[in-house]
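Colleague: How does the following fold in three dimensions:
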Amino acid sequence: MEKTIAPHSIYAESTPNPVTMKFVSNRYLITDGQVYEYLLEDDSSNSPLATKLLNLPFISKVFIASNFVAISKTDIIEWEDVIHQLRDMIGEFLNNNGKVILVSKEENSEVEKKNNASLETPDIKNLKGIDAKIASILDEYIRPAVESDGGAIHFQSYKEGKVKVVLKGACSGCPSSTMTLKSGIETMLKDMLPGQIQEVEAING
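Modeller: Residues are numbered from 1 along each chain as shown. Prediction:
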């Protein structure tokens, strides 16, 4: 008996950032464990879904991760005016076998590095010492909460007690969530790595 795959069902969920709404699917959109973010000025040709959404005049950013798309809007509309349109558009695109990502970051790593040189983050598998400990803490304790709010966090560097992390998705460009995350991460890292952490700098990706 042939197994039937359930269609994508999309629902909207607010985030701490008022300009960003999270559209969640009951199925995975991408399975490579990566996140993909596209601004208006970016080349979005690797993501037909992002290209379709960014063609709408009121969308400024598209962030794609696991089973959701976080969309940031401009000030020309209110969410209640477009939520149903976006939910239906994303569901129809996915259920018509539209491609979310054409080439994964692993397959296109050199291009990704070139495009995101200033925000380049190391591969966790290659980290050692305190870098590995910090990245592991972020991945285990911070990342799930950030993802639930429609964002992503990546360890970038550690030097002389200062930790730099890159925020993406709904967390990027939201002053309140950036400050909340920064203070929360600082407190946790200082507690778990006593005497080794002085400050956390959160960079908007």
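Colleague: Domain-wise, how is this protein divided?
Modeller: Here the domain parsing of the chain from automatic domain parsing is 10-115, 117-204.
Colleague: Now render those domains as TSV, adding mean neighbour count and mean pLDDT.
Modeller: No exception for glycine: its C-beta is placed from N, CA and C like everyone else's. Converted to TSV, those look like this (neighbours: other Cβ atoms under 10 Å; pLDDT from 0 to 100):
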stretch	mean neighbour count	mean pLDDT
domain 10-115	16	88
domain 117-204	17	80
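Colleague: quick one: the helices in the protein?
Modeller: Secondary structure of the chain (DSSP state H): helices located at 48-54, 79-95, 109-115, 129-137, 143-148, 175-192.
Colleague: Nearest to P18 among these would be which one?
Modeller: helix 79-95 (8.5 Å; Cβ to Cβ).
Colleague: Tell me the gap between stretch 132-145 and the middle of its chain.
Modeller: Here stretch 132-145 shows a centroid-to-chain-centroid distance of 15 Å under the convention Cα atoms, centre = their mean, to the nearest Å.
Colleague: what would the helices of the chain look like in a markdown table with distance to D42?
Modeller: Shown next, in a markdown table, are these (distance: least, Cβ to Cβ, whole Å):
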| stretch | distance to D42 |
| --- | --- |
| helix 48-54 | 8 |
| helix 79-95 | 19 |
| helix 109-115 | 8 |
| helix 129-137 | 26 |
| helix 143-148 | 21 |
| helix 175-192 | 21 |
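Colleague: Nearest to D32, out of those helices?
Modeller: Comparing the helices of the chain against D32 with Cβ to Cβ, the closest turns out to be helix 109-115 (11.8 Å).
Colleague: about what we covered before: which stretch among the helices of the chain comes nearest I101?
Modeller: helix 48-54 (8.0 Å).
Colleague: So what touches that closest one?
Modeller: 29, 36, 38, 40, 44-45, 59, 62, 64, 69, 71, 86, 89-90, 93-94, 98-102 (Cβ atoms under 8 Å, 6 or more residues apart in numbering).
Colleague: does L127 really touch A135, like I thought?
Modeller: Yes - counting by Cβ atoms under 8 Å, A135 is a contact partner of L127 at 5.4 Å.
Colleague: between the two, what contacts are shared?
Modeller: Common neighbours of L127 and A135 (Cβ under 8 Å, 6+ apart) are F155.
Colleague: Do I have it right that A12 meets E80?
Modeller: No - at 10.2 Å, A12 does not count as touching E80 under the criterion of Cβ under 8 Å.
Colleague: Could I get the contacting residues of L138?
Modeller: Per Cβ under 8 Å, 6+ apart, neighbours of L138: I153, H154, F155, V165, I185.
Colleague: Out of the residues you listed, give me the two with the largest separation.
Modeller: H154 and I185 (12.1 Å).
Colleague: hey, what's in contact with both of the two?
Modeller: The contact lists of H154 and I185 share L138, V165, where a contact means Cβ under 8 Å, 6+ apart.
Colleague: who wins for proximity to H8 among the helices of the chain?
Modeller: helix 79-95 (4.0 Å).
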